[in-house]
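Student: output the structure for:
(one chain, ligands or ions: 2)
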Amino acid sequence: MAINKAPATGLWAVVPAAGQGTRFGAELPKQYLKLNGKAVIEHSLDALLGCCEIRGVAVALKADDPIFAELACATNPIVRRITGGAERAESVELALASLSEAQDGDWILVHDAARPCLSQRDIQMLLAKGRAHPVGALLAAPVVDTMKRATDQTEVAETVDRQVLWRALTPQLFRYGALRDALKYCREQGLPVTDEASAMEHCGLQPLLVQGSHRNIKITYPDDLLIAEVFLAGANND
Ligand SMILES: Nc1ccn([C@@H]2O[C@H](COP(=O)(O)OP(=O)(O)OP(=O)(O)O)[C@@H](O)[C@H]2O)c(=O)n1
Ligand SMILES: C[C@](O)(CO)[C@H](O)COP(=O)(O)O
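Tutor: Ligands and ions are numbered 1, 2, ... in the order given. Below you'll find the predicted structure:
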């Protein structure tokens, strides 16, 4: 893999793309579905590759993935492919391990392949605020609905104060060594990790929430693809 030359502390990216897209229910994993003429994952990678500070991008794929290699972004010299794991956290851990040139103090952006509407503005804001924070940061969006806690019978137990509730987005930005250590600790302890911030939280750390665009959706269900089409078409007005 060629490496972008950049001074000082390094910046690298990891893209978990080894999911099946079970909830989406398409024949292909959702990251390979067409969105405005390109695969979903190409949009996600293009956003990262637009950040010229990034030295290398490790993409975690399912074993024997036949599709990624056919995409134009697969030939980008700073993109490397690795085989992911059964869970997203395992895919991220394996991708981190493949970045053998990275130093413990370098920064890592972890971004879902399934989030194709990431803007340069959000990447730059996350980098500026996250690198100034001792732990690191994640893009996030405040919840917009009234939030209820449910009983076991799916009745309302209480209304939860939404002022303190945020939706976790990606990218998430952490130091290479600290993130590797946190993911390893959670794996060994059997702790649930649905995003990188949760691994850091299990280690007693408090990542910074950086408010990002509500357009940075994760493709989960078929309707999300239609919404992403509209968001991408209007991306210049973001
Ligand atoms: N074992 C896994 C599972 C998920 N992912 C990636 O993590 C991101 C977010 O996961 P999610 O939206 O849950 O994707 P899927 O696991 O594909 O979806 P589903 O849960 O509906 O099967 C996606 O880019 C997905 O490809 C991964 O790299 N490795
Ligand atoms: C990392 C993530 O995108 C943050 O919202 C999300 O946790 C991954 O998706 P999942 O649906 O929880 O697997």
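Student: I'd say residue 235 and residue 117 touch.
Tutor: Yes - between residue 235 and residue 117 a contact is recorded at 7.3 Å, counting by C-beta atoms under 8 Å. Any C-beta I mention is one placed from the backbone N, CA and C, and that applies to glycine too.
Student: ok, those two, which is more surrounded?
Tutor: residue 117 (27 against 14; other C-beta atoms under 10 Å).
Student: wait, the more buried one sits on residue 216?
Tutor: Yes - shown here, residue 117 and residue 216 form a contact pair, counting by C-beta under 8 Å, at 5.4 Å.
Student: just checking, what packs against the longest strand along the chain?
Tutor: Longest strand of the chain, by residue count under DSSP state E: strand 166-175. Where contact means 3 or more C-beta pairs under 8 Å, 6 or more residues apart in numbering; DSSP states H and E, strand 166-175 is packed against strand 107-110, helix 120-130, strand 136-142, helix 196-202.
Student: grab the nearest non-local neighbour of the spatially most central residue of the chain.
Tutor: Residue closest to the average C-alpha location in the chain (C-alpha atoms, centre = their mean): residue 111, at 2.2 Å. Of all residues not flanking residue 111 in the chain, residue 171 sits nearest, at 4.2 Å (C-beta to C-beta, 6 or more residues apart in numbering).
Student: what pLDDT does the model give the one you found?
Tutor: Per-residue confidence (pLDDT) for residue 171: 98.
Student: close to ligand 2, is stretch 177-196?
Tutor: Yes - Stretch 177-196 reaches ligand 2 (C-beta under 6 Å from any ligand atom) through 194, 195.
Student: tell me how far residue 111 lies from residue 18.
Tutor: Distance, residue 111 to residue 18, by C-beta to C-beta, to the nearest Å: 14 Å.
Student: which residues touch whatever residue of the chain ends up closest to ligand 1?
Tutor: Closest to ligand 1 within the chain is residue 19: 2.1 Å, counting by C-beta to the nearest ligand atom. Going by C-beta atoms under 8 Å, 6 or more residues apart in numbering, residue 19 touches 29, 30, 31, 88, 113, 114.
Student: next, residue 203: phi, psi?
Tutor: phi -90, psi 10 (degrees, to the nearest 10).
Student: residue 186 too?
Tutor: Here residue 186 shows phi and psi, under degrees, to the nearest 10, equal to phi -60, psi -40.
Student: residues near it, how many?
Tutor: 20.
Student: one step back: mind putting the helices and strands packed on strand 166-175 into CSV with mean pLDDT, distance to ligand 1 and mean neighbour count?
Tutor: Converted to CSV, the helices and strands packed on strand 166-175 look like this (pLDDT from 0 to 100; distance: least, C-beta to the nearest ligand atom, whole Å; neighbours: other C-beta atoms under 10 Å):
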stretch, mean pLDDT, distance to ligand 1, mean neighbour count
strand 107-110, 98, 9, 25
helix 120-130, 98, 17, 17
strand 136-142, 98, 14, 22
helix 196-202, 98, 11, 23
